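S.K.: What would the 3D arrangement of this be:
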Amino acid sequence: MEELLSIRADSLERFLTRWYGPPRGEPQTTDTLAGMPAPLAQLHRLLSGWDRPLFVQNHLPTSLTRDQDKVVFYVENQGVWLWGFEPGAADPAVWDRENQPDRAWQPTGESLSTFLLHAAVFEAILGAAVGAVAIDMNRDQMDQALGPMRPAPLPAWRWPGPETRIYCNDKLLAFAGVNAKPGSPVGPESRYEIYVAANDAEDLAYLDSLPIEWEQNSRVWPKAAQ
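M.R.: Just a heads-up that it's a prediction; the model follows:
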């Protein structure tokens with residue numbers, strides 16, 4: 001069966017529909033989208049087709065602001081991390097930085113269209129009603145929890161911690177990385193975190209036998225639906 005995530009021209013719409021089901025209504029176009037690059041305007045239009053928020057962790061403001069020479073379009077939920085692009089390009093490169101006066105913008109290695117797909121997957125994982133979370137594990141335990149999945153064709157993020165990557169198969173999504181501040185050194189003693197999401201609790205059954213202490217596991221403690 002086709003994996004949930006692939007990189008192609010219609011990847012964003014395909015992913016949202018496969019994960020959440022068909023939209024409930026027609027996407028809406030508003031004047032606030034007129035000045036946005038096409039990939040960002042498309043995401044806002046697509047999200048308007050569902051009758052509930054799909055971005056539940058970080059903010060995706062429709063009113064864009066300038067920060068130095070960047071346009072900020074995505075903001076961490078407590079405002080501690082920012083993502084932006086330089087205006088002018090049809091599909092600009094995305095940059096990020098810690099929201100502190102002395103922190104410089106750094107390239108993410110993603111175009112806006114790829115980043116928005118990446119962000120949509122990240123938000124789907126954190127917003128899932130079916131999932132499991134572990135935040136203090138070694139590398140071997142992380143690899144076991146990721147066993148059925150493969151790395152998605154997306155680069156690593158340096159937020160929320162070093163080497164944070166997306167993983168998937170045809171039923172599961174996950175992100176995993178070092179549980180430390182962005183920029184922290186990574187070594188044999190590093191501790192890792194993983195967030196696994198599914199639409200069916202039985203798809204998480206493989207986790208039951210793993211020697212991992214879960215902070216949250218919906219097979220044991222059901223999470224309230226979003």
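
S.K.: Any idea how far apart the tips of stretch 153-161 sit?
M.R.: One end of stretch 153-161 to the other measures 19 Å (Cα to Cα, to the nearest Å).

S.K.: which residues touch it?
M.R.: Here stretch 153-161 makes contact (Cβ atoms under 8 Å, 6 or more residues apart in numbering) with 5-7, 76, 81, 96, 106, 108-110, 114, 117-118, 121, 162-166, 177-184, 193. For glycine as for every other residue, the C-beta is placed from the backbone atoms N, C-alpha and C.

S.K.: which stretches of this protein aren't confidently modelled?
M.R.: Scanning the chain for pLDDT under 70 picks out the ranges 1-9, 31, 221-226.

S.K.: What residues does Ala128 make contact with?
M.R.: Counted by Cβ under 8 Å, 6+ apart, Ala128 has contacts Leu173, Ala197, Ala198, Asn199, Lys223.

S.K.: Quick check: phi and psi at the most centrally placed residue in the chain.
M.R.: With distances taken as Cα atoms, centre = their mean, Phe122 lies nearest the centre of the chain, 1.6 Å away. With angles defined as degrees, to the nearest 10, Phe122 shows backbone torsions of phi -60, psi -50.

S.K.: from memory it sits against Cys168, does it?
M.R.: No: here Phe122 lies out of contact with Cys168, judged by Cβ atoms under 8 Å, at a distance of 11.8 Å.

S.K.: circling back to that earlier point, can I get the buried part of the contacts of stretch 153-161 as one ChimeraX selection?
M.R.: The buried residues among the contacts of stretch 153-161 can be selected in ChimeraX (16 or more other Cβ atoms under 10 Å) with this line:
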select :5,76,81,96,108,110,114,117,118,121,162,164,165,166,177,178,179,180,182,193
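
S.K.: my read: Arg97 touches Val80, true?
M.R.: No: using Cβ under 8 Å, Arg97 is not in contact with Val80; the gap is 10.3 Å.

S.K.: Pick out whichever of these two has more residues nearby.
M.R.: It is Arg97, of Arg97 and Val80, that has more neighbours when counted by other Cβ atoms under 10 Å, with 20 against 13.

S.K.: where exactly do the helices run in this structure?
M.R.: Applying DSSP state H to the chain gives helices spanning 11-20, 38-47, 112-127, 139-145.

S.K.: for the shortest one, packing partners?
M.R.: Under the contact criterion of 3 or more Cβ pairs under 8 Å, 6 or more residues apart in numbering; DSSP states H and E, the helices and strands touching helix 139-145 comprise strand 130-137, strand 173-178, strand 192-198.
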